[in-house]
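In: The sequence isn't on hand, but the structure is:
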């Protein structure tokens, strides 16, 4: 379902439209939830590359994708790279929001009921 939505959105709006990027990120998150980590990493990297180009490296939506990529890298056991991206996301959020604002650092996990950076929509 998410793949078809992505294909349709990409065909109508183009590969770098914010809605297309949201679909890429959403598919990446679904793949991660299904344990398909390598595919998820590929989609997160695609979303990140395009979002950085369209919105910039320090935009909150870009930082949310950086965080999501860090989580899938953690799932793949690539802890050093995951930690580097987590720090990038955290530092970017601090710059954007300021030090006194609560900064969520964990994407919502299924059934956890906890919040986190929202998925790009």
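Out: Thanks, I have it. The structure presented is a predicted model; accordingly, all values stated were derived computationally and were not measured.
In: From now on I want contacts and neighbour counts done on CA atoms only, so please keep to that.
Out: Fine.
In: tell me, what residue is most central in this structure?
Out: For the chain, the residue lying nearest the average C-alpha position, counting by CA atoms, centre = their mean, turns out to be residue 65 (2.2 Å).
In: Against residue 85, how distant is it?
Out: Per CA to CA, to the nearest Å, residue 65 is found 10 Å from residue 85.
In: so who does residue 20 touch?
Out: Neighbour list for residue 20: 6, 9, 10, 13, 14 [criterion: CA atoms under 8 Å, 6 or more residues apart in numbering].
In: ok, the third one - contacts?
Out: With contact set as CA under 8 Å, 6+ apart, residue 10 has these partners: 17, 20.
In: likewise the fourth one?
Out: With contacts defined as CA under 8 Å, 6+ apart, residue 13 is in contact with 19, 20.
In: Next, residue 58: phi, psi?
Out: Main-chain torsions, residue 58, degrees, to the nearest 10: phi -110, psi 10.
In: Helix or strand for residue 91, just tell me which one.
Out: Element membership for residue 91 (DSSP states H and E) is helix 79-97.
In: Distance from the chain centre to that helix, please.
Out: The chain centroid and the centroid of helix 79-97 are separated by 12 Å, computed with CA atoms, centre = their mean, to the nearest Å.
In: For it, what does the pLDDT average out to?
Out: Helix 79-97 carries an average pLDDT of 94.
In: quick revisit: setting aside sequence neighbours, what's the nearest residue to the residue nearest to the centre of the chain?
Out: Leaving out its chain neighbours, the residue that sits closest to residue 65 by CA to CA, 6 or more residues apart in numbering is residue 48, at 6.0 Å.
In: quick one: contacts of the strand or helix carrying the one you found?
Out: Element membership of residue 48 [criterion: DSSP H and E] is helix 37-55. With contact meaning CA under 8 Å, 6+ apart, helix 37-55 is reached by 16, 18, 21-22, 24-25, 27-32, 57-59, 61-62, 65-66, 68-69, 72-73, 75-76.
In: Next: stretch 21-35.
Out: For stretch 21-35, using CA under 8 Å, 6+ apart, the contacting residues are 2-3, 5-6, 9, 15, 37, 39-44, 46-47, 50-51, 65, 68, 72, 110, 119-121.
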